[in-house]
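Undergrad: Just the structure for this:
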Amino acid sequence: MILRSSRLYKKKMVAAGNGLFYPIVGFASCLALIYLSFGDLRSNFREEEHQLAFVKRNGTQFTLDGKPFYINGWNSYWLMYHGVDEYTRPRVREILQAGAKMGLSLCRTWAFNDGDYNALQVSPGQFDERVFKALDHVIVEARQQGIRLLLCLVNNLENYGGKSQYVRWAWQEGVRLSASNDSFFFDPSIRNYFKSYIKTILTRKNTLNGIEYRDDPTIFGWELINEPRCSTDASGDTLQDWIEEMSAFVKLIDKKHLLTVGLEGFYGPKDPKALTVNPERWASRLGSDFIRNSKIPSIDFASVHIYPDHWFHDLKVEDHLKFVTKWMLSHIEDGEKELHKPVMFTEFGLADQLDRFYKTIYDIIYKSAKKHQAGAGALAWQFIVGGMEKFNDEFGIIPWERPATYKLIIEHTCRLARIQGPVLEQRNLKELCLQKH
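TA: Reported below is the predicted structural model:
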């Protein structure tokens, strides 16, 4: 439940002569009763009248209403999926309210489910309206809770369809393809499938508020693909060409929203940092290239993931944390010196020593924000609510069930708020940051 700010009006009591004191008190009491009866309604009207602004970019900074905007947020990829059925739909509100209560400003979630159970896109260009209405609901609910959304458009992995499903569709329609799922990136028919999908999503008119997605500032931005890899072309040319084409297509339709790729952050084979910063040699052979991919003019900000215990074998926790520091500082430096764009760490997860991991990441973002550098924010992977064990992985947490972690998250929110100032949508921030956690 969101704690709303209350406005306390202190009025000086002036002693009144000539028998006027009690009538004045009585009149004031009536005014107070009217205010108490309608004050919350008036507050709601003001919120509705407020025109939510689009988040923009100015050099290496995100901006909101002309001021720097730093992100403390999280991932709940499952929002649309759970918004479909009535018995799971309350989880959408529950996690968004919980995020607002922690002062978080951004949730990253899937705007795709291709050919799977409760699929949004059941076949190329064919959509289930029932599932689309669930995505409508997610967007409206996020707006009501003061949360913005980073919406991802497809998965490199097979979960919820992904690029593999697009390749299967092409096979079923008789398109001659190579055996690799990387056909997704270079086959003309599949590229057209995906462009059709992009256009449908961006021009969707929300059935609940009547706003097209491309015109809705609740959406922070678009992510082309989650963790793209094209290992059949380690040079990176195939993926680079795909990103250039798809990002230009997005911007042709939607010039209001920010756009990112969805990269893990690995340096390509020709980058000197491939040997000094990448976790291991395999990371430069996946067809992605952080600098080259992120430099594309139609890409507004760079995305990076952090999974040290997946990327290394047999490292101790201390070594994991040393890597995290090196990894983050390297990419923030890239944002400053090479890309001249914000860098957001859009996923981070560690199975062990979670609080030390979170603190390391939050401290680096805070120091970057204090210096107005390119470290624009970080999104934890992942937050869930009770009864969702089936949707959990080794990184999922229910934050309010971990008091130390919960405290870290809120403290980071408040540190960033002291740098950037108040944000209208974060209605409970003043009270939140004055509390002792």
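
Undergrad: thinking residue 271 is in contact with residue 294, fair?
TA: No - applying C-beta atoms under 8 Å as the test, residue 271 and residue 294 come out as separate, 11.7 Å apart. Using the backbone N, CA and C atoms, a C-beta is placed for each residue, glycine as well.

Undergrad: now residue 134: how far from residue 143?
TA: 15 Å (C-beta to C-beta, to the nearest Å).

Undergrad: Neighbour count: residue 271 and residue 294, which is higher?
TA: Neighbours per residue (other C-beta atoms under 10 Å) separate residue 271 from residue 294, with residue 294 holding more: 25 against 20.

Undergrad: How is residue 151 assigned, secondary-structure-wise?
TA: Following DSSP: H, G, I helix; E, B strand; the rest coil, residue 151 is assigned to strand.

Undergrad: Grab the nearest non-local neighbour of residue 60.
TA: Counting by C-beta to C-beta, 6 or more residues apart in numbering, residue 60 lies nearest to residue 374, which is 3.9 Å off, once chain neighbours are set aside.

Undergrad: What ranges does the stretch 201-350 of the chain have for its strands?
TA: 219-223, 258-260, 302-306, 343-348 (DSSP state E, counting those that start in this stretch).

Undergrad: Show the subsequent helix or strand relative to the longest one.
TA: The one in question is strand 343-348. Downstream of strand 343-348, the first helix or strand assigned by DSSP states H and E is helix 354-370.

Undergrad: Do a quick rundown of the helices in the stretch 1-150 of the chain.
TA: Using DSSP state H, counting those that start in this stretch, the helices of the stretch 1-150 of the chain run over 21-49, 79-83, 90-101, 129-145.

Undergrad: What are the buried residues along stretch 314-324?
TA: Buried residues in stretch 314-324, counting neighbours by 16 or more other C-beta atoms under 10 Å, are found at 320, 321, 323, 324.

Undergrad: any chance of the strands of the stretch 201-350 of the chain in JSON lines, with mean neighbour count and distance to residue 337 too?
TA: Below are the strands of the stretch 201-350 of the chain laid out as JSON lines (neighbours: other C-beta atoms under 10 Å; distance: least, C-beta to C-beta, whole Å):
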{"stretch": "strand 219-223", "mean neighbour count": "25", "distance to residue 337": "23"}
{"stretch": "strand 258-260", "mean neighbour count": "22", "distance to residue 337": "19"}
{"stretch": "strand 302-306", "mean neighbour count": "26", "distance to residue 337": "13"}
{"stretch": "strand 343-348", "mean neighbour count": "27", "distance to residue 337": "11"}
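
Undergrad: and these as JSON lines, adding distance to residue 193 and mean pLDDT?
TA: Listed next are the strands of the stretch 201-350 of the chain as JSON lines, based on distance: least, C-beta to C-beta, whole Å; pLDDT from 0 to 100:
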{"stretch": "strand 219-223", "distance to residue 193": "17", "mean pLDDT": "98"}
{"stretch": "strand 258-260", "distance to residue 193": "20", "mean pLDDT": "98"}
{"stretch": "strand 302-306", "distance to residue 193": "23", "mean pLDDT": "98"}
{"stretch": "strand 343-348", "distance to residue 193": "25", "mean pLDDT": "98"}
